[in-house]
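> got a structure for you, letters missing:
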Ligand code: DX5
Ligand code: ZN
């Protein structure tokens, strides 16, 4: 079985000490940087934009996984590629022509991801799953860190795993929101490959240890 990955969400980092927090992730057992971009339209919050991502990219030594919570993401695909994104995830709910958007992301040399809001059934991806490198199942309503995990997520992970197997797709399942040591194992047992963790990692007083433990639990 391939190893389960941990992606700390930089949204929960200390922005006054951003370089320090990026280096902490570089030095840890974490696998990816998860970067949340919010536009205040698709979600009721604004996080940060291009200059901050550029600064992160300069120091990050691991895969940069960008989660776009924005309307009309097609406008910025090229820009995010230039800023060093390795994986670009768009929201299903924000894309009228999802298949076209996925091809455009890949044409820029990035892996293509699709995020699903808690109310969106995984079956909507049935006819496009083979074109998706990563599905991000939102286990909170997007917009804020530090929310509680929605229990219905387990059912969605199992359904998505089944869909991926049935269609012979090679798609990773990522879980985003409210991930802690309490739900990590149940999530990976259900079929999750990547766990995003924001508050749980950055609010810890022993961040490196917390990441190490979370990864061990996810792979247990
Ligand atoms: C929510 C973001 C998440 C968030 C996770 O809109 O997409 O990535 O940063 O934060 P925690 O782990 O605190 O729920
Ligand atoms: Zn996210």
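Now that the structure is in, tell me what you want to look at. All figures in this text were calculated on a predicted structure; none of them were measured in a lab. Ligands and ions are numbered 1, 2, ... in the order given.

> By proximity to ligand 2, which residue of this structure wins?
Nearest residue of the chain to ligand 2, counting by CB to the ion: residue 67, 3.7 Å away. C-beta here means a position set from N, CA and C on the backbone, and glycine is covered the same way.

> Just confirm that residue is within a strand.
Yes: residue assignment for residue 67, taken from DSSP: H, G, I helix; E, B strand; the rest coil, places it within a strand.

> what residues are up against residue 173?
Residues in contact with residue 173, defined by CB atoms under 8 Å, 6 or more residues apart in numbering, are 134-135, 137, 157, 160-161, 164, 191-194.

> repeat that with 10 Å
Residues counted as contacts of residue 173 (CB atoms under 10 Å, 6 or more residues apart in numbering) are 122, 134-137, 156-158, 160-161, 164, 187-188, 190-195.

> Keep only those of those residues that are in helices.
Helix and strand membership here follows DSSP state H; of the contacts of residue 173, those in helices are 156-158, 160-161, 164, 187-188, 190.

> Tabulate those in JSON lines, adding columns for distance to ligand 1, neighbour count and pLDDT.
Supplementary listing: these in JSON lines, determined by distance: CB to the nearest ligand atom, whole Å; neighbours: other CB atoms under 10 Å; pLDDT from 0 to 100:
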{"residue": "156", "distance to ligand 1": "16", "neighbour count": "23", "pLDDT": "98"}
{"residue": "157", "distance to ligand 1": "16", "neighbour count": "23", "pLDDT": "98"}
{"residue": "158", "distance to ligand 1": "21", "neighbour count": "16", "pLDDT": "98"}
{"residue": "160", "distance to ligand 1": "17", "neighbour count": "23", "pLDDT": "98"}
{"residue": "161", "distance to ligand 1": "21", "neighbour count": "17", "pLDDT": "98"}
{"residue": "164", "distance to ligand 1": "22", "neighbour count": "21", "pLDDT": "98"}
{"residue": "187", "distance to ligand 1": "12", "neighbour count": "24", "pLDDT": "98"}
{"residue": "188", "distance to ligand 1": "16", "neighbour count": "23", "pLDDT": "98"}
{"residue": "190", "distance to ligand 1": "18", "neighbour count": "19", "pLDDT": "98"}
